[in-house]
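S.K.: could you work out the structure for the sequence below:
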Amino acid sequence: MSSHDENETYVEGEHLGVPTLLDALTDVIERARSMPMSSSVLVNRNEALDLIDELRDALPTQLTRADEVLSDADEVLAEAQSESENLIATARARADELIRTEQVVVRAEAHAREIVAHAEATAATLRHEADDYCDRRLAEFEIDLGKILAQVHSGRVKLAERLGESEEGLPAHDDDR
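M.R.: Now for the predicted structure:
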């Protein structure tokens, strides 16, 4: 490579990137001296060819790096997409499970309400039947007590009659002892 002016950005032996080399080539052309009465310029051939050679050398490296970056990006993207699909599938499965669980809970609560209502109705029926049974038994007991009371009264009347007959023939009792 040939030597360059002090104000150039290109330094011999450096491995510059493609954009830097293109900037240096543009700078060489812009600094070129114009031909009198023409739009043509005098460009330092060696300097321009050195920059073009450097571009040729840098391009495969840059393209290889770009391919690697793209390849890595594709792998990362595919991995991220796979992971996101797995996350979505897991989330959907969990949502389905929660919905099923919620439906089971709702059905269980409804069933529990039915059981409680049935138990309350059964308890009310049993209470009514028990009260009715007790009332019948008390009525029967009342009848039996009425019969016993009538027998006791009849017995007392008979006893009083006998006492009245026996008092006529017996001396009076002395209850004041």
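S.K.: now do the strands in this protein.
M.R.: Remark: strands assigned in the chain by DSSP state E are 33-34, 41-42.
S.K.: please convert those to JSON lines, extending it with mean pLDDT, distance to residue 17 and mean neighbour count.
M.R.: For every residue, glycine as well, the C-beta is placed using N, CA and C. Below are the strands of the chain laid out as JSON lines (pLDDT from 0 to 100; distance: least, Cβ to Cβ, whole Å; neighbours: other Cβ atoms under 10 Å):
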{"stretch": "strand 33-34", "mean pLDDT": "84", "distance to residue 17": "28", "mean neighbour count": "10"}
{"stretch": "strand 41-42", "mean pLDDT": "82", "distance to residue 17": "26", "mean neighbour count": "10"}
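S.K.: dump these to a markdown table, plus distance to residue 23.
M.R.: Below are those laid out as a markdown table (distance: least, Cβ to Cβ, whole Å):
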| stretch | distance to residue 23 |
| --- | --- |
| strand 33-34 | 20 |
| strand 41-42 | 18 |
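S.K.: can you tell me which of the ones you listed comes nearest to residue 136?
M.R.: strand 41-42 (131.0 Å; Cβ to Cβ).
S.K.: by contact count, what packs against the closest one?
M.R.: For strand 41-42, the packing partners by 3 or more Cβ pairs under 8 Å, 6 or more residues apart in numbering; DSSP states H and E come out as strand 33-34.
S.K.: sheet partners, orientation included, of the strand it packs on?
M.R.: strand 41-42 (antiparallel) (DSSP bridges).
S.K.: and the strand it pairs with, how far out from the chain's middle?
M.R.: Using Cα atoms, centre = their mean, to the nearest Å, the mean C-alpha position of strand 41-42 is found 74 Å from that of the whole chain.
S.K.: where exactly do the helices run in the chain?
M.R.: Taking DSSP state H as the criterion, the chain contains helices spanning 18-31, 45-169.
S.K.: so which of these is nearest residue 37?
M.R.: Closest among the helices of the chain, using Cβ to Cβ: helix 18-31, at 19.4 Å.
S.K.: mind giving me the packing neighbours of the closest one?
M.R.: Using 3+ Cβ pairs under 8 Å, 6+ apart, helix 18-31 sits against helix 45-169.
S.K.: change it to 10 Å
M.R.: strand 41-42, helix 45-169 (3 or more Cβ pairs under 10 Å, 6 or more residues apart in numbering; DSSP states H and E).
S.K.: need the least confident one among the ones you listed, by mean pLDDT.
M.R.: For the helices and strands packed on helix 18-31, mean pLDDT drops lowest on strand 41-42, to a mean of 82.
S.K.: now do it: everything it contacts.
M.R.: Residues from elsewhere that reach strand 41-42 (Cβ atoms under 10 Å, 6 or more residues apart in numbering): 29, 30, 31, 32, 33, 34, 35.
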